[in-house]
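Asks: This is the structure alone, sequence omitted:
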Ligand SMILES: Nc1ncnc2c1ncn2[C@@H]1O[C@H](COP(=O)(O)OP(=O)(O)O)[C@@H](O)[C@H]1O
Ligand SMILES: [Mg+2]
């Protein structure tokens, strides 16, 4: 267990806290039990923070466990995220805070709450009001250590018998989150184990498509150009449901590849992607009008919804 004051080796990554919270949903519900409702109010515009994902999970878990302990009769745990600007005024009132742009993570319960005396000591290691064997007094000192090491702040608002809110502020960063830290797609956009052959010469784009698709229920095969695409297709004829191909490839055009692939695997469907806009491609006569097309760069949502659209379209 992380003891307060002992520095941990943090492995910060740019991530979206909404993704961390969403991924913990099932685990949190199991921990808090059926008598406590879990309510999440996640700001869809939430910015990113550069923090260690497993340490953030520990922060959320420790706070959730405390909230559960504070609501033995049941209640609700609300987890909220949002973008916050902390101004000079806030920094004056909170000695350790610097003004600036932050992402906020708040956990609120409507449990037993705390008086001022207890509040003053909660972040101390070994401080606990729980019975021997029920509390260690390490939960909040650990949370405090992680938040401070991440350049953030934590505040508590609590009243006896009313409940408690912990608010954590972490410095907001402009860099985009890695795809593994973006929220997963809604179930209707997720795959059902279908196999997608991705043919794309840019390794970065190929990897991105693979990561997004694999994380959302698809099996992925890859080719870096037309001839590799055909080779993979010959080996996996029966399995491939969808060809996702760049319109322009180093050796052959996407449409020519699609023709070969559909001849080899009759039930395959085709989705083109390209850096050109939809209309520009159509007007240049490369694609038939009405062909489904994914502009690059694409977001996970755009890729997944186009893939579903094509897979569910009737065969022409
Ligand atoms: N959500 C909460 N509601 C009421 N009291 C809390 C809450 N979270 C923490 N506390 C108080 O802070 C103390 C210290 O918490 P923590 O460091 O997690 O240790 P522990 O849970 O092992 O007692 C708890 O014993 C409790 O008195
Ligand atoms: Mg605790």
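Replies: Looks like it arrived, so ask away. For clarity, every value in this text was computed on a predicted model and none was experimentally measured. Ligands and ions are numbered 1, 2, ... in the order given.

Asks: of all of the chain, which residue lies closest to ligand 1?
Replies: In the chain, the residue that lies nearest ligand 1 is residue 139 (2.3 Å; Cβ to the nearest ligand atom). C-beta coordinates here come from the backbone N, C-alpha and C atoms, glycine included.

Asks: what about the stretch 151-300 of the chain, any weak spots by pLDDT?
Replies: 179-187, 276-286, 289-290 (pLDDT under 70).

Asks: Tell me the residues of it that contact ligand 1?
Replies: residue 164 (Cβ under 6 Å from any ligand atom).

Asks: so where do the strands sit in the stretch 151-300 of the chain?
Replies: Applying DSSP state E, counting those that start in this stretch to the stretch 151-300 of the chain gives strands spanning 153-159, 163-173, 195-199, 219-223, 240-246, 269-274, 293-295.

Asks: Nearest approach to ligand 2 belongs to which of these?
Replies: strand 163-173 (11.5 Å; Cβ to the ion).

Asks: any idea of the angle the closest one forms with strand 153-159?
Replies: Here the directions of strand 163-173 and strand 153-159 differ by 160 degrees (axes from the mean of the first three to the mean of the last three Cα atoms, to 10 degrees).

Asks: and strand 163-173, what does it pack onto?
Replies: strand 48-51, helix 53-70, strand 75-86, strand 100-109, helix 139-149, strand 153-159 (3 or more Cβ pairs under 8 Å, 6 or more residues apart in numbering; DSSP states H and E).

Asks: buried set for it?
Replies: 163-173 (16 or more other Cβ atoms under 10 Å).

Asks: nearest to residue 253, of the residues you listed?
Replies: Nearest to residue 253, judged by Cβ to Cβ, of the buried residues of strand 163-173 is residue 173 at 40.2 Å.

Asks: On the strand side of things, show who that closest one bridges to.
Replies: residue 48 (DSSP bridges).

Asks: That one and residue 48 touch, don't they?
Replies: Yes - taking Cβ atoms under 8 Å as the definition, residue 173 is a contact partner of residue 48 at 5.4 Å.

Asks: follow-up on the earlier one: dump the strands of the stretch 151-300 of the chain to CSV, plus distance to residue 311.
Replies: Listed next are the strands of the stretch 151-300 of the chain as CSV, based on distance: least, Cβ to Cβ, whole Å:
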stretch, distance to residue 311
strand 153-159, 45
strand 163-173, 36
strand 195-199, 9
strand 219-223, 13
strand 240-246, 6
strand 269-274, 6
strand 293-295, 13
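
Asks: possible to save the ones you listed as JSON lines with distance to ligand 2?
Replies: What follows is these, written out as JSON lines (distance: least, Cβ to the ion, whole Å):
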{"stretch": "strand 153-159", "distance to ligand 2": "13"}
{"stretch": "strand 163-173", "distance to ligand 2": "12"}
{"stretch": "strand 195-199", "distance to ligand 2": "45"}
{"stretch": "strand 219-223", "distance to ligand 2": "42"}
{"stretch": "strand 240-246", "distance to ligand 2": "47"}
{"stretch": "strand 269-274", "distance to ligand 2": "49"}
{"stretch": "strand 293-295", "distance to ligand 2": "47"}
